[in-house]
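# Need coordinates for the below:
(one chain, ligands or ions: 1)
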Amino acid sequence: MKFSTAAVHAGQRPDPSTGAVMTPVFLTSTYVQEGLGKNKGYEYSRVSNPTRTALEGNIAALESAKHGMAFASGMAAIDALFRLLNPGDHVIVSNDVYGGTYRIAKMVLERYGLEFDFVDTTVLDAIVRARRPHTRMVFVETPTNPMMSVTDLRAVAKAAKQYGWVSVVDNTFATPYLQRPLDLGIDVVVHSVTKYLNGHSDMLGGFVATNDDAVTDRLRFLQKAVGGIMSPFDAWLCLRGTKTLAVRMRQHCENAMEVASWLSRQRKVRSVNYPGLPSHPQHALAKRQMKGFGGMISFDLGSLSNTKAFLGAVRLCALAESLGGVETLISHPATMTHASVPKAERVRNGVTDGLVRISVGIEDAGDIIADLAQALRKVR
Ligand SMILES: *Cc1c(COP(=O)(O)O)cnc(C)c1O
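Here you go, the predicted structure:
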């Protein structure tokens, strides 16, 4: 099955009891047992639920993975992944990860004895140099949030195999439509499905996809033991979202390319970070590794006062956290998504007070650009 077909059909079949074409929302906590130890594969909804099972089959197919597990949020999925480790274990993480990933590592899991090093994973040497005898995992985000840096996933997978680490990629920004890490040798893919996979900004969810049976057994056990699972209703919403993933991503890519090109021609814009621009430092790698360049752009307006004037003037673009919805969202990483990263560290990674991030929606590109243009006129 090709991607667009799998997006619509994988994991789902008409309901056998009624013929309903769409997977029902199975709002049930428990399932009647025919006798002791005899059931239809479902016992209690923390362990599994048919609507969740359908979504798990669907997204696993899109990532060309054998197994998929849906969680209550991207952070619940990331938390479960880090719980594969033991106190004293060391993890190498991209230095420009989602702020919440930094927060759970530094402010939650370090207290339980895990150790984290944040390095520039776009440089393979930096990853190898950060290794310690007890390194167990490498966790990469590409493209990163919000600097849009691109890491070579084949190279990371190779290093991980050589040193015996579990390799993990947060594929939220690219989605499986644009990038399939497992095909490049990566062990585990994690998602915030809250973003592009659902695509309509109306639920929260996380996902792990992998071909590794042992990782799957442990994560399924953690779902049962800890309980950070996705609700049936959210799974149903997400299923209707993934059906249109291919068409949405094509439009996000097309619109973002137009917006990024326009931004790069504006005198008041100091720099534009978009992997689709030839000026991007990893443009060639992105072209090789991804099917398209995605819908996320960041750009620098030079100062906090410029950014305030600009963000106060946008009308069509909604000033909001999050990304990946059909509507254009615009945000200020330094005070919003990345507020929990210490300022010195933030600025070192390029997340200055003047940096603006835009999640380009699927509206008319001309309308988006017109809104950005009128807001830019408010910048001195
Ligand atoms: C939003 C996001 C997360 C966290 O996901 P939630 O669903 O908000 O918990 C993790 N990684 C990336 C790249 C994200 O954008």
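# mind listing what the closest residue to the ligand within the chain touches?
Closest contact between the chain and the ligand, by C-beta to the nearest ligand atom, is at G74 (2.2 Å). Just so you know, the C-beta spots here come from the backbone N, C-alpha and C atoms, and that holds for glycine as well. Residues near G74 by C-beta atoms under 8 Å, 6 or more residues apart in numbering: Y98, G100, T172, V190, H191, S192, V193, T194, K195, L204, G205, G206.
# got it, and W236?
W236 neighbours (C-beta under 8 Å, 6+ apart): T23, P24, V25, T51, L55.
# can you pull the buried residues of stretch 202-209?
Neighbour counts over stretch 202-209 (16 or more other C-beta atoms under 10 Å) mark M203, L204, G205, G206, F207, V208, A209 as buried.
# So R136 lies in a helix, does it not?
No. Checked against DSSP: H, G, I helix; E, B strand; the rest coil, R136 lies outside a helix; its state is strand.
# Which residue is the nearest non-sequential neighbour of it?
D89 (4.4 Å; C-beta to C-beta, 6 or more residues apart in numbering).
# show me what contacts that neighbour?
L114, E115, H134, T135, R136, M137.
# rewinding a little: list buried members of the contacts of W236 by neighbour count.
Using 16+ other C-beta under 10 Å, the buried ones in those are T23, V25, T51, L55.
# Just the ones of those in helices?
T51, L55 (DSSP state H).
# can you list the residues of the stretch 51-200 of the chain near the ligand?
73-75, 98, 100-101, 141, 145, 170, 172-173, 192, 194-195 (C-beta under 6 Å from any ligand atom).
# Please convert the buried members of those residues into ChimeraX selection syntax.
To isolate the buried ones among those in ChimeraX, judged by 16+ other C-beta under 10 Å, type:
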select :73,74,75,98,100,101,141,145,170,172,173,192,194,195
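# and the residues of the stretch 51-200 of the chain next to the ligand as a markdown table, adding secondary structure and pLDDT?
Listed next are those as a markdown table, based on DSSP: H, G, I helix; E, B strand; the rest coil; pLDDT from 0 to 100:
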| residue | secondary structure | pLDDT |
| --- | --- | --- |
| S73 | coil | 98 |
| G74 | helix | 98 |
| M75 | helix | 98 |
| Y98 | coil | 90 |
| G100 | helix | 92 |
| T101 | helix | 95 |
| E141 | strand | 97 |
| N145 | coil | 87 |
| D170 | strand | 98 |
| T172 | coil | 98 |
| F173 | coil | 97 |
| S192 | strand | 98 |
| T194 | coil | 98 |
| K195 | coil | 98 |
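# quick one: which of the residues of the stretch 51-200 of the chain next to the ligand is nearest to L182?
In terms of C-beta to C-beta, no member of those lies closer to L182 than D170, at 13.4 Å.
# before we move on, back to that, tell me the two of the contacts of W236 that are most distant?
Counting by C-beta to C-beta, the most remote pair of these is P24 and L55, 12.8 Å apart.
# returning to what we had before: export the contacts of W236 to CSV and append columns for distance to P275 and pLDDT.
Converted to CSV, these look like this (distance: C-beta to C-beta, whole Å; pLDDT from 0 to 100):
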residue, distance to P275, pLDDT
T23, 35, 96
P24, 40, 96
V25, 37, 97
T51, 35, 98
L55, 29, 98
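# and P333, what is it in contact with?
Contacts of P333 by C-beta under 8 Å, 6+ apart are G99, N145, P146, S298, V351, L355, R357.
# one more time with 6 Å, if that's ok
Residues near P333 by C-beta atoms under 6 Å, 6 or more residues apart in numbering: P146, V351, L355, R357.
# So it: helix, strand or coil?
Classified using three-state DSSP, P333 is coil.
# hey, where'd the strands end up in the protein?
67-71, 90-94, 115-119, 135-141, 166-170, 188-192, 206-210, 271-273, 296-300, 318-319, 329-331, 355-359 (DSSP state E).
# The third one packs against which elements?
In terms of contact count using 3 or more C-beta pairs under 6 Å, 6 or more residues apart in numbering; DSSP states H and E, strand 115-119 is assigned the packing partners strand 90-94.
# now the strand it packs on, how far from the centre of its chain.
Centre-to-centre, strand 90-94 and its host chain are 17 Å apart (C-alpha atoms, centre = their mean, to the nearest Å).
# and for it, what are the contacting residues?
115-118, 121, 127, 130, 132, 134-135, 137-141, 144.
# what's the closest non-adjacent residue to the most centrally placed residue in the chain?
The chain has T172 as the residue nearest its centroid, 1.6 Å off, counting by C-alpha atoms, centre = their mean. Sequence neighbours aside, S192 is the residue nearest to T172 in space, at 4.6 Å (criterion: C-beta to C-beta, 6+ apart).
# and if you look at M249?
Y177 (4.2 Å).
# can you list the domain ranges for the protein.
3-242, 246-376 (automatic domain parsing).
# Confidence-wise, which helix or strand of this structure is lowest on average?
helix 343-348 (a mean of 88; mean pLDDT, DSSP states H and E).
# Could you export that one as CSV, CA atoms only?
The C-alpha trace of helix 343-348 is given here as CSV (Å, rounded to 0.1, in the frame of the first residue of the first chain):
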residue,chain,number,x,y,z
LYS,A,343,18.6,32.2,28.8
ALA,A,344,22.3,31.7,28.2
GLU,A,345,21.7,28.2,26.9
ARG,A,346,18.8,29.4,24.8
VAL,A,347,20.7,32.2,23.2
ARG,A,348,23.7,29.9,22.5
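# Please consider this matter closed, and thank you.
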